[in-house]
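Student: Fold the following for me, if possible:
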Amino acid sequence: MIEVRDLRHEYEGTRALDDVSLSIPDGEFLVLAGPNGSGKSTLIRHWNGLLEPDSGEVLIDGRRVGEDLVAARTKVGMVFQNPRDGFVAATVGADVAFGPENLGLAHEEIDRRVADALRAVNLDGRDEERIESLSGGEQERLAIAGALAMAPAHLVLDEPFTGLDEPAREAVLDRLEALSATGTGVIVVTHDLRDVLALADRLVVLSAGRMVRDGDPESVDLSGLGVRAPC
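Tutor: As a prediction, the model looks like this:
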C-alpha cells in the first residue's frame, strides 16, 4: 500500500503540493489526473524517494520511504514521461536486467525476470536488439518491462501516451489492462483521460497542488479542472 499523509513540497518558495493525503491499496488501477503544473509528477516522485517532502510523509507498506529507498523503489516501479531518458544499456535484454542485477539477485532469477517482463509486453525474443532500433511504442513497452523486472506491487506511469500513435497507444493500454488483471497495481498519471479511464477503478484529480476529486471514474465531475475528458 502507498500512503501519503499531509504531504507538502515547495520549489523555491512556490508550493507544488499542499497537504495531500492519499491511500492506494495493492492491486488498484488508479488514474491520477490534472492539468500541467497541478503537482502530479511531484507527487509520484515522493513515492520512491526521488523527492523528499518539506512536511508530511509517504509510507510504502507501512514504512517511510526514506528509511529504505531500495525497498520503496522495488515496491513502486516508475516509468517516466520520456522513456529514453531512463535507458541505461544499449540492448533490450541488458536494459531490463539492470534493475534486478542491482538487487544482487542470482543469475537464474535475473534471467527469469527478464524473460517474464519481456513476455508481458510482447517483446520476448528480442533481447539482443538495440534500443535505438525500436519504435516509440516499443520503447514505452520496454520501459514498462524494466519496471516489471523489479517485481513491483505498483507500476506508476507518468504520461505514458505522449507522442505515441494510435496503434502504439492501444498496445500500451492492452499491456496495462493485462497487468492489472494479474494483480499488479497500476497508476497512470495523465492530463488526457481518453481510453485509460475505462480501465480505472478510481480517479484522483489534482489542481494547484491540492487533491480536488477522488472517487469512482464514472461519477467524478471533471468540469473546470483542465482535464481532457473522454468523449
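Student: and the nearest residue to D195 once chain neighbours are set aside, helix, strand or coil?
Tutor: Using Cβ to Cβ, 6 or more residues apart in numbering and skipping the chain neighbours, the partner closest in space to D195 is L173 (5.7 Å). Any C-beta I mention is one placed from the backbone N, CA and C, and that applies to glycine too. Each residue gets one of three states, and L173 gets helix by DSSP: H, G, I helix; E, B strand; the rest coil.
Student: Please name the residues that touch L173.
Tutor: Under the criterion of Cβ atoms under 8 Å, 6 or more residues apart in numbering, the neighbours of L173 are D195, V196, L199.
Student: Thought E166 was touching the first one, still the case?
Tutor: No. If you go by Cβ atoms under 8 Å, D195 and E166 don't touch, sitting 9.8 Å apart.
Student: Same drill for these two, tell me which one is more crowded.
Tutor: Under the criterion of other Cβ atoms under 10 Å, the comparison of D195 against E166 puts D195 first, with 15 against 10.
Student: Just checking, which helix or strand of the chain averages the lowest pLDDT?
Tutor: Within the chain, no helix or strand scores below helix 166-181, which has a mean of 85 by mean pLDDT, DSSP states H and E.
Student: Now do the helices in the protein.
Tutor: 40-44, 69-75, 92-102, 107-120, 136-148, 166-181 (DSSP state H).
Student: The last one to helix 136-148, inter-axis angle?
Tutor: Angle between the axes of helix 166-181 and helix 136-148 is 20 degrees (criterion: axes from the mean of the first three to the mean of the last three Cα atoms, to 10 degrees).
Student: Quick check, central residue of the chain?
Tutor: Averaging the C-alpha coordinates of the chain gives a centre point, and the residue nearest to it by Cα atoms, centre = their mean is V156 (1.3 Å).
Student: hang on, isn't it packed against K75?
Tutor: No. The criterion here is Cβ under 8 Å, and V156 misses it with K75 at 10.6 Å.
Student: got the residue ranges for the strands in the protein?
Tutor: 2-11, 14-24, 29-33, 55-60, 63-64, 76-79, 154-158, 185-190, 202-207, 210-215 (DSSP state E).
Student: Now mean pLDDT and distance to E108 too, for those strands, in CSV please.
Tutor: Formatted as CSV, the entries for these read as follows, by pLDDT from 0 to 100; distance: least, Cβ to Cβ, whole Å:
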stretch, mean pLDDT, distance to E108
strand 2-11, 96, 31
strand 14-24, 95, 32
strand 29-33, 96, 32
strand 55-60, 96, 27
strand 63-64, 95, 29
strand 76-79, 91, 22
strand 154-158, 93, 24
strand 185-190, 94, 27
strand 202-207, 95, 38
strand 210-215, 94, 43
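Student: Of the ones you listed, which is nearest V96?
Tutor: strand 76-79 (11.9 Å; Cβ to Cβ).
Student: Remind me what the closest one packs against, helices and strands.
Tutor: With contacts defined as 3 or more Cβ pairs under 8 Å, 6 or more residues apart in numbering; DSSP states H and E, strand 76-79 has these neighbours: helix 136-148, strand 154-158.
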